[in-house]
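Peer 1: coords below, sequence missing:
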């Protein structure tokens, strides 16, 4: 399991209901079932990964964040997880709304477009930045809605979501030491990880 | 009187339920025989049972040779020791469906007339539903002393039975695997069934359904029905791969003239379909075909709930695994997706996989390694969650 998935797993209370949107190879689902006793299920867009997960006995269905969350009832889950996918969905704001409709908490990770290397590349070269995180040219990238940590915080404020917990992590998923300052995190964090609760959601 | 039908002389492993069962149509059918086969060993806790449901023209001979054709069981590549439905671990039960012709009560079974004489039901056999088929299977499962099935698995019409099992007896079904199926029978599929039935009706040897009186069977009509249906089980890619446009010359054929005559040559695909038709009539009863296709036509999970297909599954704790095949145009992936979303609406535990295959609807019976892995993995996962070592 990736290090950032360990951080996500650490945010999830044992024996809760979890929907992992974009569950990939199912590593987080497997971990949550075996180590936390969670009722953990997945949605995955890549059919090969779906087949592989189901063949490992994990409950995963083929689908995607934009089209399949709308079918679940309110409060069906305690946590809805979206890993490194928000920037690639068609309607990020609607996806977040759905996540916090069907789940009490949303856990969202995304690559931070405000990282200094991206800013510097754009400034010095005048071209769309390319890094190990943002590794595909503009015409070929699935990442159609990049945002910075500050952008995301603004959206959360506009939508009235409570930020229960946040952290910046580097590409390997190691927690980066920018927890005191959002501005520093926005400059030096390669990935961001948020635990959100809905407007009328429970207090900690 | 019915000795023209050799299949009736076969004996099948079966249980008779003297009290019978009430059918959806209001008729109380009694007695009811349920013919079945089992594979593997029931655990002392009776918690490792899997019911396999067969498709329209299948039967209970899942994994042992068919008593009429001598061919291997229809899912012998899936059910057996070490196979994806592993009989070293699981106790597998398969019943012949109600309305069938392999030992379970159906149109060929005898009934007693008011004057005390006996004759086959024929077309007077009551209209049955997929749920009636499942009720008959439940009688057998109860009879075997099993209170909870680890899983119910089936493809096509078998998948419809899986869904009815989960909807009707949710507490008895820990896991359900509906394969290449749909939450309702589509207009297109009803249309295909109607063509099949009309082919049988149009055969003069059908005799209004009382063909046993003349010692005949409507072989032409039933064969045409099978030929037409068989096309719907395949795909253009599969037919092209298997037969292409290859031709064989058969001078002895009926209607074959000399060179240049209209039917002097036969495409290989024609020959294949004729073979499918002629072998089918030797093992299947025409009135059963009519009864069972009608039951499929009536299948609609939302019918009693204003079209809401999720309603029958409200509060379900069953683990579902829906499987479709990319080239299946008879039960396309879009219909499986409707089912998956209906189950999402009640927050059911549902896996949903589309297997990439060019073999059409029949793919669920054929060699598809991804499908094998899916079944094996889902059943192992279900066993783990059910606490079966």
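Peer 2: Nice, thanks for sending it over. These figures come from a predicted structure and were not determined experimentally.

Peer 1: Nearest spatial neighbour of residue A:141, chain-adjacent residues omitted?
Peer 2: For residue A:141, ignoring the flanking residues on the chain, the nearest one in space by CB to CB, 6 or more residues apart in numbering or on different chains is residue A:134 at 7.4 Å. Backbone N, C-alpha and C define where each C-beta goes, glycine included.

Peer 1: May I ask you to confirm that that neighbour belongs to a strand?
Peer 2: No - Residue A:134 is assigned coil when assessed by DSSP: H, G, I helix; E, B strand; the rest coil, not a strand.

Peer 1: I'd like to know how far it sits from residue B:312.
Peer 2: 47 Å (CB to CB, to the nearest Å).

Peer 1: Likewise for residue B:214?
Peer 2: Residue B:214 is 44 Å from residue B:312, by CB to CB.

Peer 1: So which helix or strand of chain B has the lowest pLDDT on average?
Peer 2: strand B:247-249 (a mean of 82; mean pLDDT, DSSP states H and E).

Peer 1: packing partners for the next helix or strand along the chain from it?
Peer 2: Note on strand B:247-249: by DSSP states H and E, the next helix or strand toward the C-terminus is strand B:265-267. Using 3 or more CB pairs under 8 Å, 6 or more residues apart in numbering or on different chains; DSSP states H and E, the elements in contact with strand B:265-267 are strand B:247-249.

Peer 1: check contacts around residue B:358.
Peer 2: B:235, B:237-238, B:241, B:326-327 (CB atoms under 8 Å, 6 or more residues apart in numbering or on different chains).

Peer 1: helix or strand for the closest residue to chain A within chain B, which one?
Peer 2: When distances are taken as CB to the nearest CB, chain B reaches nearest to chain A at residue B:381, 2.2 Å away. Per DSSP H and E: residue B:381 is located in helix B:369-385.

Peer 1: and that helix, what other elements does it pack with?
Peer 2: helix A:47-55, strand B:85-86, strand B:149-155, strand B:173-179, strand B:319-325, strand B:349-355.

Peer 1: Let's see that with 7 Å instead.
Peer 2: helix A:47-55, strand B:149-155, strand B:173-179, strand B:319-325, strand B:349-355 (3 or more CB pairs under 7 Å, 6 or more residues apart in numbering or on different chains; DSSP states H and E).

Peer 1: how about JSON lines for these, with mean pLDDT added?
Peer 2: Formatted as JSON lines, the helices and strands packed on helix B:369-385 follow (pLDDT from 0 to 100):
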{"stretch": "helix A:47-55", "mean pLDDT": "96"}
{"stretch": "strand B:149-155", "mean pLDDT": "98"}
{"stretch": "strand B:173-179", "mean pLDDT": "98"}
{"stretch": "strand B:319-325", "mean pLDDT": "98"}
{"stretch": "strand B:349-355", "mean pLDDT": "97"}
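
Peer 1: Can you add distance to residue A:17 and mean neighbour count and give those back as CSV?
Peer 2: Formatted as CSV, the helices and strands packed on helix B:369-385 follow (distance: least, CB to CB, whole Å; neighbours: other CB atoms under 10 Å in any protein chain shown):
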stretch, distance to residue A:17, mean neighbour count
helix A:47-55, 18, 21
strand B:149-155, 22, 28
strand B:173-179, 18, 27
strand B:319-325, 14, 28
strand B:349-355, 10, 24
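
Peer 1: For my notes, please list those in TSV and give distance to residue B:130 for each entry.
Peer 2: Output for the helices and strands packed on helix B:369-385, formatted as TSV (distance: least, CB to CB, whole Å):
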stretch	distance to residue B:130
helix A:47-55	25
strand B:149-155	11
strand B:173-179	12
strand B:319-325	17
strand B:349-355	20
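
Peer 1: out of these, which comes closest to residue A:41?
Peer 2: Across the helices and strands packed on helix B:369-385, residue A:41 has its closest neighbour in strand B:349-355 (6.3 Å, CB to CB).

Peer 1: In terms of secondary structure, what does that closest one contact?
Peer 2: helix A:47-55, strand A:60-62, strand B:319-325, helix B:333-345, helix B:369-385.

Peer 1: Ok, which of those comes nearest residue B:121?
Peer 2: helix B:333-345 (32.3 Å).

Peer 1: The closest residue in space to residue A:133 that isn't next to it in sequence is in what secondary structure piece?
Peer 2: Leaving aside its sequence neighbours, residue A:133 sits nearest to residue A:111 (CB to CB, 6+ apart; 4.7 Å). Element membership for residue A:111, per DSSP H and E: strand A:103-111.

Peer 1: Adjacent strands (with direction) for that strand?
Peer 2: Partners of strand A:103-111 in the sheet, by DSSP bridges, are strand A:77-83 (parallel), strand A:191-197 (antiparallel).

Peer 1: closest one to residue B:170 among those?
Peer 2: strand A:77-83 (21.0 Å).

Peer 1: domains for chain B, by residue range?
Peer 2: Using automatic domain parsing, the domain parsing of chain B gives B:6-185+B:300-385, B:191-291.

Peer 1: Any idea how far apart the tips of the shortest one sit?
Peer 2: What it means is domain B:191-291. With CA to CA, to the nearest Å as the measure, domain B:191-291 spans 15 Å from end to end.

Peer 1: Stretch B:274-294 now?
Peer 2: 24 Å.

Peer 1: thought residue A:160 was touching residue A:199?
Peer 2: Yes - judged on CB atoms under 7 Å, residue A:160 makes contact with residue A:199 at a distance of 4.0 Å.

Peer 1: This completes my enquiry, with thanks.
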